[in-house]
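> task: produce atomic coordinates for the following.
(one chain, ligands or ions: 2)
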Amino acid sequence: MSELDYKHVTAVLVDWIRDKITEAGANGAVVGMSGGIDSAVTSVLCKKAFKENTLGIIMPCHSSDKDLEDARLVADAFDIKYIVKDLGPVFDNFIELLGADSQTGDDMAVANIKPRLRMTTLYYYAARNNYLVVGTDNWSELTVGYFTKYGDGGVDIAPLGRLVKTEVRELARYLGIPERIIQRPPTAGLWEGQSDEKEMGFTYEELDRYILTGKATGDTRSKIETLINKNRHKVSPLPVPGRESII
Ligand SMILES: Nc1ncnc2c1ncn2[C@@H]1O[C@H](COP(=O)(O)OP(=O)(O)OC[C@H]2O[C@@H]([n+]3cccc(C(=O)O)c3)[C@H](O)[C@@H]2O)[C@@H](O)[C@H]1O
Ligand SMILES: Nc1ncnc2c1ncn2[C@@H]1O[C@H](COP(=O)(O)OP(=O)(O)OP(=O)(O)O)[C@@H](O)[C@H]1O
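Numbering: from 1, shown residues only. Ligands and ions are numbered 1, 2, ... in the order given. Next up is the predicted model:
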C-alpha cells in the first residue's frame, strides 16, 4: 500500500525517541512487552536509542504462556533487559474488592483493568529509573481509538503513532523480528479468543487503506467512522468548562 524506506524510518524513529526522552530530562525507556508485534518493534527501537537504558516489563495477567514465551524471545534476540511481573494475583484481588465477576469475558469494565494495572506498573519503573514510558500504539489504533483510555493509551510518547499497522509489520521485518511474532493474529489479549479484526469488524488492511487513501467500501467506511467518532475523546485534550462561562 505504501512504500517506505525502513532504514530511514528506523533512523528517524530512533533519533526521535532519543530526543524526546532527553528533552524530558529522562535517560531511558520502559516498555511493556506483550509478545506481540507492536511492543516488539517499539522495544527494539528503544534499545537502539538507549542501549543500556531500555527496560522491558513482561506483565502476564491471566495471559497465555505463549505470550510470555514470545516476549522473552524478542528480549533475548535483541538483548533487551527485562523483568517479569505477574499481575494475575493483583487483578484477582482487585476484582474481588470491586465485587466484580472476573469470568465475564468481554465485559469491558473488567477487561480494561488489565491494561490499567500494566500502566501503573510501567509508571512505577519509569519513576524509579528516571525513564519515560514508551507506548506501542500505532496510527491505525490511534485513529479508531482501539486502545484502553489510560491503560495502554496512558503513555509518555508513542513512536509508532504515525505508522499504520501494515507498515509496522514491514518495519518489524526490516528490524529482523522473528517471523512467528509478525504472523501472530493481532489481539489485545483481554479475553480468550479475542481478535482485533473480529472486534472492530474490519481488517487492518481496510483500515490502513482508509487512513492512507481515504478509500473504503460503504459498510467498512461507516464502521470505521463510527469508531472514530465514538472514541475521539481518547485523543482529544481533557474537556474543561470555559473560564468565561464561570466568571
Ligand atoms: N464522549 C466522551 N468524552 C469523554 N470520555 C468519554 C466519552 N465517552 C466515553 N468516555 C470514557 O471512556 C471510557 C471508554 O473508554 P475505554 O475505557 O478505553 O473502553 P472501551 O473503548 O470501551 O474499550 C477499550 C477498547 O480498546 C481495545 N483494546 C484495549 C487494549 C489494547 C488494545 C490493543 O489492541 O492494543 C485494544 C479493547 O478491546 C476495547 O475494544 C468510558 O467508560 C468513559 O469513561
Ligand atoms: N502481557 C503483557 N506484558 C507486558 N505488556 C503488555 C502485555 N500485554 C499488553 N501489554 C502492553 O500493552 C500494549 C497493547 O497490547 P495488546 O497486546 O493489547 O495489543 P497490540 O496493540 O496488538 O500490541 P502488541 O502487538 O505489542 O501485542 C502492548 O504493546 C504492550 O506494551
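
> isn't residue 204 right next to residue 165, touching?
Yes. Proximity of residue 204 to residue 165 meets the contact threshold set by C-beta atoms under 8 Å, at 4.1 Å. Every C-beta, even on glycine, is put in place using the N, C-alpha and C of the backbone.

> what is in contact with the two at once?
Common contacts of residue 204 and residue 165 (C-beta atoms under 8 Å, 6 or more residues apart in numbering): 140, 186.

> how about residues contacting the worst-scoring helix or strand of the chain on mean pLDDT?
Lowest by mean pLDDT, DSSP states H and E among the helices and strands of the chain is helix 196-200, with a mean of 91. Residues from elsewhere that reach helix 196-200, judged by C-beta under 8 Å, 6+ apart: 144, 146, 185, 186, 187, 188, 203, 204, 207, 223, 227.

> look up how far ligand 1 lies from the nearest residue to the second one once chain neighbours are set aside.
Taking C-beta to C-beta, 6 or more residues apart in numbering as the measure, residue 146 lies nearest to residue 200, with 6.2 Å between them; neighbours along the chain are not counted. Taken as C-beta to the nearest ligand atom, to the nearest Å, the spacing of residue 200 relative to ligand 1 amounts to 8 Å.

> burial count for residue 200?
20 (other C-beta atoms under 10 Å).

> and the gap between it and residue 227?
7 Å (C-beta to C-beta, to the nearest Å).

> and for the two, which residues touch both?
Contacts common to residue 200 and residue 227, judged by C-beta under 8 Å, 6+ apart, are 144, 146.

> coming back round to it: can you give me the buried ones in the least confident helix or strand of the chain?
196, 200 (16 or more other C-beta atoms under 10 Å).
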